[in-house]
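*Asks:* everything below, folded, please.
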Amino acid sequence: MTNEELVKMAEEAMENAYSPYSKFKVGAALAADDGSVYTGCNIENSSFGATICAERTAIVKAVSEGKRKFEKIAIVSSSGDTTYPCGICRQVMSEFMIDAEVVFKDKNGNIIVEKVKDLIPKSFVL
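*Replies:* Now for the predicted structure:
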């Protein structure tokens, strides 16, 4: 799967976001090593601690279906600009995909690719 195709799937997932408080929609598309793709969107809650990010939604969906190895994840937001994952998402990503790529699209439509290990260079590991 190309980065552009993965970004498109993340953009489609973003449309399902539930963000009545922040109005900030985020979508993610996670590519597993077997070619399957899991999408996610952010889901807010009035108890803000219960909110879950798009990245974690996609990862949780995949892991709950038995997937453990991932190649890359695309992340987009309604801001139209590069949206980096929060610290909690970076830590969860490091658990399952430390050597994987994170794909972003900037406000000019350019594709940017970074490694998870570069986004969280000293992640917590047991």
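*Asks:* the residue nearest the centre of the chain: which element?
*Replies:* The central residue of the chain, meaning the one whose C-alpha is nearest the mean C-alpha position (Cα atoms, centre = their mean), is residue 55 at 3.0 Å. Here residue 55, judged by DSSP states H and E, is contained in helix 54-64.
*Asks:* which residues are contacting the next helix or strand after that helix?
*Replies:* Counting by DSSP H and E, the element after helix 54-64 in chain order, helix or strand, is strand 70-77. Counting by Cβ atoms under 8 Å, 6 or more residues apart in numbering, strand 70-77 makes contact with 3, 6-7, 9-11, 14, 24-33, 54-55, 58-59, 62, 83-85, 93, 96-97, 100-105, 113, all of which sit outside it. Glycine gets a C-beta too; all of them are placed from N, C-alpha and C.
*Asks:* inside strands: which ones of those residues?
*Replies:* Among the contacts of strand 70-77, the members falling in strands are 26-32, 101-105, 113 (criterion: DSSP state E).
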